[in-house]
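**Q** Sequence isn't available, so here's the structure alone:
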């Protein structure tokens, strides 16, 4: 029996997103699983999130609403209009290779917060409402410390 690819969302949090020639992105200051801050509240000059939402070609999205949250606080929301979503999927739902085993459609969104005021520690995450289910991307733990031996978030060193 062949396994069916599931839908999923993935997020990368970083200090900057640079658009390069040839459609490439350079992500600067990528955070792994946590961001260390000296104290909160703090104002970060810039924080970015690169979010990919993936679905098999056979299961196109009917709805797509992305929400970036810090704890229970919504800090960004993007809803793709249904006609735009249909257009994107109609042009993007073509496998590069007809023999591709699990052809899929990937929707990508870049969020740039400049500046970003962080009032409290918590989990910085991404939720994606696709209608019949909610997807959650990986999250970034935001931690405050008063220990001067610990490194600060790279955003604060600029």
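**A** Sure thing, it's come through. None of these values were measured; they are calculated from a predicted model.
**Q** can you pull out the strands in the protein?
**A** Per DSSP state E, the chain carries strands over the ranges 8-14, 16-19, 25-28, 34-37, 42-44, 47-56, 65-70, 73-79, 104-113, 116-118, 122-129, 134-136, 140-144.
**Q** Can you name the residues that contact the residue most central in space within the chain?
**A** With distances taken as C-alpha atoms, centre = their mean, the residue of the chain nearest its centroid is residue 51 (2.7 Å). Contact analysis of residue 51 by C-beta atoms under 8 Å, 6 or more residues apart in numbering lists 9, 10, 11, 66, 108, 109, 110, 111, 126, 128, 137. For the C-beta atoms, the positions are set from N, CA and C on the backbone; glycine is no exception.
**Q** Can you flag the buried ones in those residues?
**A** 9, 11, 66, 109, 111, 126, 128, 137 (16 or more other C-beta atoms under 10 Å).
**Q** Counting neighbours, what do you get for the nearest residue to the fifth one once chain neighbours are set aside?
**A** Leaving aside its sequence neighbours, residue 111 sits nearest to residue 49 (C-beta to C-beta, 6 or more residues apart in numbering; 4.3 Å). Residues near residue 49, counting by other C-beta atoms under 10 Å, number 24.
**Q** OK, contacts around residue 49?
**A** 11, 12, 13, 14, 68, 110, 111, 124, 126.
**Q** before we move on, back to that, quick one: closest of the strands of the chain to residue 87.
**A** Counting by C-beta to C-beta, residue 87 lies closest to strand 104-113 out of the strands of the chain; the figure is 12.1 Å.
**Q** Show residues contacting the worst-scoring helix or strand of the chain on mean pLDDT.
**A** Sorting the helices and strands of the chain by mean pLDDT, DSSP states H and E puts helix 82-92 at the bottom, at a mean of 85. Residues external to helix 82-92 that are found in contact with it (C-beta under 8 Å, 6+ apart): 60, 61, 62, 63, 64, 80, 105, 106, 107.
**Q** Just want to check the distance between the nearest residue to the first one once chain neighbours are set aside and residue 131.
**A** Nearest in space to residue 60, with sequence neighbours left out and distances taken as C-beta to C-beta, 6+ apart, is residue 89 at 4.8 Å. Residue 89 sits at a distance of 13 Å from residue 131 (criterion: C-beta to C-beta, to the nearest Å).
**Q** Overlap in contacts, the two.
**A** residue 61.
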